[in-house]
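> all I have is the shape, not the residue letters:
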């Protein structure tokens with residue numbers, strides 16, 4: 001008598017376990033083979049692998065950026081921005097030669 005009472009006590013757990021097992025088995029039966037999935041996505045997988053390999057190779061080949069080179073590039077850009085254009089210098093020298101007082105900012 002104890003076994004049927006225990007089965008009734010755990011009926012929801014038993015039914016959910018049977019339903020889960022049935023769902024897993026039906027999924028395994030209806031799902032495509034792993035080989036079919038890999039063959040479908042093989043171009044994507046190959047191109048991704050080649051892209052990641054290219055990133056690794058370029059990362060090893062290219063020189064590391066140091067703070068000195070960054071500062072030098074910034075100084076060159078600032079010097080270019082600070083300098084006066086040649087045509088403005090010629091114009092200012094011509095005006096100063098004519099007796100006008102001109103200040104450049």
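That came in fine, so what should we check first? Quick caveat, the model's predicted, so the values are computed rather than measured.
> so how far is residue 73 from residue 21?
Distance, residue 21 to residue 73, by Cβ to Cβ, to the nearest Å: 66 Å. C-beta: built from backbone N, CA, C; applies to glycine.
> tell me how many other residues surround residue 91.
Residue 91: 14 surrounding residues under other Cβ atoms under 10 Å.
> show me what contacts it?
By Cβ atoms under 8 Å, 6 or more residues apart in numbering, the contact set of residue 91 is empty.
> which helix or which strand is home to it?
Taking DSSP states H and E as the definition, residue 91 sits inside helix 86-97.
> same question, residue 63
Here residue 63 sits in a region with no helix or strand, counting by DSSP H and E.
> next one: phi and psi at it?
Main-chain dihedrals, residue 63, degrees, to the nearest 10: phi -70, psi 150.
> tally up the residues packed near it, please.
Look at residue 63: counted by other Cβ under 10 Å, it has 6 neighbours.
> how's the protein carved up into domains?
Under the assignment automatic domain parsing, the domains of the chain span 1-31, 33-62, 67-100.
> which stretch in these has the least confidence?
Lowest mean pLDDT within the domains of the chain: domain 67-100, at a mean of 70.
> which residues are contacting the strand or helix carrying residue 24?
Here residue 24 sits within helix 11-30, counting by DSSP H and E. Outside helix 11-30, the residues that touch it by Cβ under 8 Å, 6+ apart are residue 7.
> if you set the cut-off to 10 Å instead, what comes out?
Under the criterion Cβ atoms under 10 Å, 6 or more residues apart in numbering, residues 7, 8, 10 lie in contact with helix 11-30.
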